[in-house]
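**Student:** Let me see the structure of the following:
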Amino acid sequence: MSSGNVSRRKVLRQQPSLSDPETQAEIQDLFNKVKTYMKAVSEEWRIPDPNVALKHPTEEHRHLQELKVSLNAVKNQLSDKNIQVWHQHTNSTNRAGKVIAAVRSTANAEICTQAWCKFYEILGSFDLLPEEALQNGELNSVHLCEAPGAFITALNHYMKTNESTRYCDWGWVANTLNPYHEANGGSTTIADDRLIANTLPWWFFGSDNTGDIMLQKHLLDLQVFVSNMRRVDLVTADGSFDCQENPDEQEALVASLHYCEATAALLLLGPGGSFVLKMFTLYEHSSVCLLYLLNCCFHSVSVFKPATSKAGNSEVYVVCLNYDGKEAVRPLLSKLIRNYGPNMADREALFPSSVIPKTFLKQHEELCSYFHKLQVGTICENLRLFGSISPEQGQRLDHIRDCVVQEYLRRFEVSFLPKSRWISRNTVSPACCSVSAGRPLSQKKQTGSFNERRELQNLSWRERIRRSSHATLIQSHCTEERGVGCILEGPWSSSHVDSWYIITGSALSAVRNSPFCDVMLLNHLNEALLDAVVDWTLLAPCRSCHVSCTASIMSEAAGLCIFKGYEGNKERKPCLVFGSRSAWADGESKHKDLVLTFCEEPSFPQTGCIPLHDGEPLYQHQLLGCVLFSLQTLSSGGALLLPLFSALTRVTAALVFCLHVCFRSVSYRCPPPSGGVGALLMCSGYCPELAAPLLPILSDVQKSIHQLMGGGGEGGKNQQHAGDRQVLQFVPMEELLRGGLTEFLWTMNSDIIQQKLHLLMQS
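**Tutor:** Numbering: from 1, shown residues only. Have a look, this model is predicted:
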């Protein structure tokens with residue numbers, strides 16, 4: 001009994017207060033996790049001879065590899081932990097866990113994420129902005145792998161709330177994997193486009209529109225893209241891959257990306273500039289070489305673990321200050337550019353160990369040991385406390401978290417910034433200002449334990465669907481028409497046709513990503529299509545699912561044609577139907593309010609091009625032909641019934657948008673009445689005067705698709721895509737993301753994908 005009382009009194013004495021030395025020391029340590037390389041006085045660290053670069057096999061450093069093995073052994077203890085439960089636990093033990101919410105409410109920060117808080121901390125901890133740039137009143141920054149844009153908004157906040165930078169002209173350019181490029185995979189592409197959608201002119205996606213900074217042509221094009229800047233003063237690189245399925249090799253997996261980011265910084269920065277590079281563990285020879293190179297090129301190099309970076313992960317930021325300038329590194333830089341690419345760190349070592357000074361290696365090993373100790377200590381503490389945090393421990397942690405918030409706000413002088421001074425509210429392009437930020441983002445979320453996720457990968461696609469959150473929707477039979485009540489009211493008269501332009505890029509290999517659908521559903525469908533070649537024209541319909549009746553569709557189309565502004569005009573309205581007359585015989589016989597004209601519908605995408613969905617150029621060419629013919633043929637008040645395979649790509653989404661511009665009502669039915677796959681677009685109340693401005697650009701798009709297909713495509717279903725480029729976009733994303741179009745497309749595409757998966761599950 002007395003023993004218990006003694007323990008309780010001891011805990012109570014340890015309760016922290018603002019003046020408690022132990023708490024103060026812990027908080028100070030939290031904000032000072034940094035190691036700076038000290039160049040040896042007796043031995044100059046110099047850039048190695050380019051002739052020895054990228055010529056020798058990669059090596060291992062015994063002590064660093066021992067640290068790697070030790071860390072992985074500790075991390076492997078997490079393999080059986082449910083990732084969501086574990087994250088909830090580590091969030092409760094994270095000393096800086098309350099900072100984001102506090103900054104969001106106190107400072108009114110734009111895109112206030114963990115990345116925002118980390119970069120604001122870096123800005124407040126280092127003289128990152130070159131003094132010469134601030135004295136000249138002009139600062140220019142380039143942000144690589146930047147989505148969703150929190151480094152940019154943090155820098156904007158810092159610039160506009162600090163006296164020394166408030167009146168400095170700031171220009172910026174950013175790069176990231178294009179969230180609108182359909183071939184970019186969901187695991188590498190950040191879907192959060194809140195800033196991107198409102199600042200598109202400032203984002204560099206390269207000549208192929210992918211935004212892949214690991215392509216040599218994009219590096220050189222980026223140099224041209226920023227050439228209007230007087231000079232580049234700051235480069236940040238926050239890139240990474242999703243390595244959760246192979247966490248033991250995270251450092252090696254991202255090594256080539258880090259080489260590319262560093263090479264880009266050395267090429268773009270002006271003398272005196274700064275570079276911030278996110279890295280992870282620094283145990284591999286590739287990291288040793290890269291850190292040595294940066295030390296040779298910058299006056300100061302520090303490795304920093306922000307307080308707001310979760311202490312249990314391997315993330316660190318390499319902060320490089322006062323660049324010597326590319327003249328000092330030019331011979332080696334030329335060789336780096338020649339070997340630039342996604343396998344840059346996989347072939348040969350950047351340098352052999354023989355040219356790296358022992359004084360550098362000693363400091364690097366000490367640095368790695370320091371961060372290893374911090375990370376292992378945090379993981380072990382979290383394991384010890386998992387499921388067993390006492391009330392006293394919980395109270396102490398909570399108080400420390402409150403103290404860390406106070407220290408963060410005080411230390412970095414975080415001030416309020418009104419929305420009017422946010423970047424997305426202060427853009428030059430008027431089309432940017434009204435993009436909706438309320439769209440669902442459908443970013444991939446990890447579930448279960450690492451062991452469970454690995455086991456899941458070995459299951460069939462059918463079994464993965466049965467275990468997914470979409471299982472009920474996919475397996476349930478459709479009992480009513482999908483699409484009822486989902487209507488685009490038009491016509492949409494706010495389009496800026498004079499600002500439309502055609503974007504071409506590398507031909508799509510597959511549609512892996514779309515801002516117009518639930519990406520997890522799309523992933524399920526793509527996995528299913530990898531398992532078997534499907535001919536949608538031969539796939540049997542589900543006998544238990546409801547199929548739309550042609551008579552009811554005709555009745556609704558006729559009613560809408562009369563209702564949508566034509567109450568006083570009872571004459572029969574023209575209706576263009578893309579499909580066989582026999583399939584619509586029942587509806588045609590029962591409704592005489594429409595004058596029906598039947599045309600051949602677009603061919604289903606070729607069996608071999610299924611992963612392209614509606615991204616197949618031949619299908620897009622035929623669909624565009626149907627839309628053009630409709631707009632040129634229909635008279636005022638007419639209707640259009642057009643089958644649609646899907647609208648996942650920007651081109652097909654833009655065609656739906658064009659119909660939204662020209663018709664008073666656009667809705668859909670899924671599945672179409674023929675019992676096939678996809679949806680039927682129902683467009684009523686045609687307005688020819690609104691279609692007229694669209695016709696020239698649609699004709700130009702049709703010609704471009706035709707030319708990029710090698711001049712074929714009009715007649716042959718077997719026509720293959722002859723070129724390595726295709727039309728990717730012709731309506732600016734700012735227009736496609738406004739109004740209710742995105743929600744309409746999201747709902748329709750989700751219904752289409754669910755229907756296709758339902759049929760495949762039963763086939």
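**Student:** start to end distance for stretch 607-623?
**Tutor:** 17 Å (CA to CA, to the nearest Å).
**Student:** What lies in contact with the strand or helix carrying E463?
**Tutor:** Taking DSSP states H and E as the criterion, E463 maps to helix 461-466. If you take CB atoms under 8 Å, 6 or more residues apart in numbering as the criterion, helix 461-466 is touched by 456, 471, 474-475, 524, 527-528, 530-531, 757, 761. (C-beta placed from N, C-alpha, C; glycine too.)
**Student:** And the average pLDDT for it is what?
**Tutor:** Throughout helix 461-466, pLDDT has a mean value of 86.
**Student:** go on, stretch 334-350?
**Tutor:** 91.
**Student:** just stretch 233-243 next, same as before
**Tutor:** The average pLDDT for stretch 233-243 rounds to 88.
**Student:** about what we covered before: now the element after the helix holding E463, going C-ward?
**Tutor:** helix 471-475.
**Student:** Give the buried residues for that next one.
**Tutor:** For helix 471-475, the neighbour count (16 or more other CB atoms under 10 Å) marks I474 as buried.
**Student:** repeat for stretch 519-537
**Tutor:** Per 16+ other CB under 10 Å, stretch 519-537 contains these buried residues: 519-526, 528-529, 534.
**Student:** Quick check: neighbours of the top strand by length along the chain in the sheet, parallel or antiparallel?
**Tutor:** Counting residues, the longest strand in the chain under DSSP state E turns out to be strand 269-279. Strand pairing for strand 269-279, using DSSP bridges, gives strand 232-237 (parallel), strand 316-323 (antiparallel).
**Student:** Nearest to T747, out of these?
**Tutor:** For those, proximity to T747 was assessed by CB to CB; strand 232-237 is nearest, at 37.2 Å.
**Student:** Any chance you could list what contacts that closest one?
**Tutor:** Contact with strand 232-237 is made by 119, 128-130, 133, 139-146, 151, 226, 258, 261-262, 264-265, 268-270, 272-278, as judged by CB under 8 Å, 6+ apart.
**Student:** hmm, back to that, with just CA atoms, put the longest strand of the chain into PDB.
**Tutor:** What follows is strand 269-279 as a C-alpha-only set of coordinates in PDB (Å, rounded to 0.1, in the frame of the first residue of the first chain):
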ATOM      1  CA  LEU A 269      19.900  28.400 -58.000                       C
ATOM      2  CA  GLY A 270      21.800  31.600 -58.200                       C
ATOM      3  CA  PRO A 271      24.900  32.400 -56.100                       C
ATOM      4  CA  GLY A 272      24.000  32.700 -52.500                       C
ATOM      5  CA  GLY A 273      20.800  30.700 -52.900                       C
ATOM      6  CA  SER A 274      19.300  28.200 -50.500                       C
ATOM      7  CA  PHE A 275      18.100  24.700 -50.900                       C
ATOM      8  CA  VAL A 276      15.800  22.600 -48.700                       C
ATOM      9  CA  LEU A 277      15.600  18.800 -49.500                       C
ATOM     10  CA  LYS A 278      13.500  16.300 -47.700                       C
ATOM     11  CA  MET A 279      15.300  13.000 -47.100                       C
END
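**Student:** Any buried residues in it, and which?
**Tutor:** Quick answer for strand 269-279 (16+ other CB under 10 Å): 269-270, 272-279.
**Student:** check contacts around V103.
**Tutor:** Residues counted as contacts of V103 (CB under 8 Å, 6+ apart) are 109, 112, 116-117, 120, 408-409, 414.
**Student:** can you pull the contacts of the spatially most central residue of the chain?
**Tutor:** Nearest to the mean C-alpha position of the chain, by CA atoms, centre = their mean, lies I190 at 1.6 Å. By CB under 8 Å, 6+ apart, the contact list for I190 reads 147-148, 176-177, 179, 443.
**Student:** Which one among those residues sits at the bottom for pLDDT?
**Tutor:** Here the lowest pLDDT out of those sits on Q443, with 53.
**Student:** looking at it, G608 is touching V533, isn't it?
**Tutor:** Yes. The pair G608 / V533 is scored as a contact, 7.4 Å apart, by CB atoms under 8 Å.
**Student:** Based on its surroundings, how many neighbours for T36?
**Tutor:** Neighbourhood size, T36 [other CB atoms under 10 Å]: 14.
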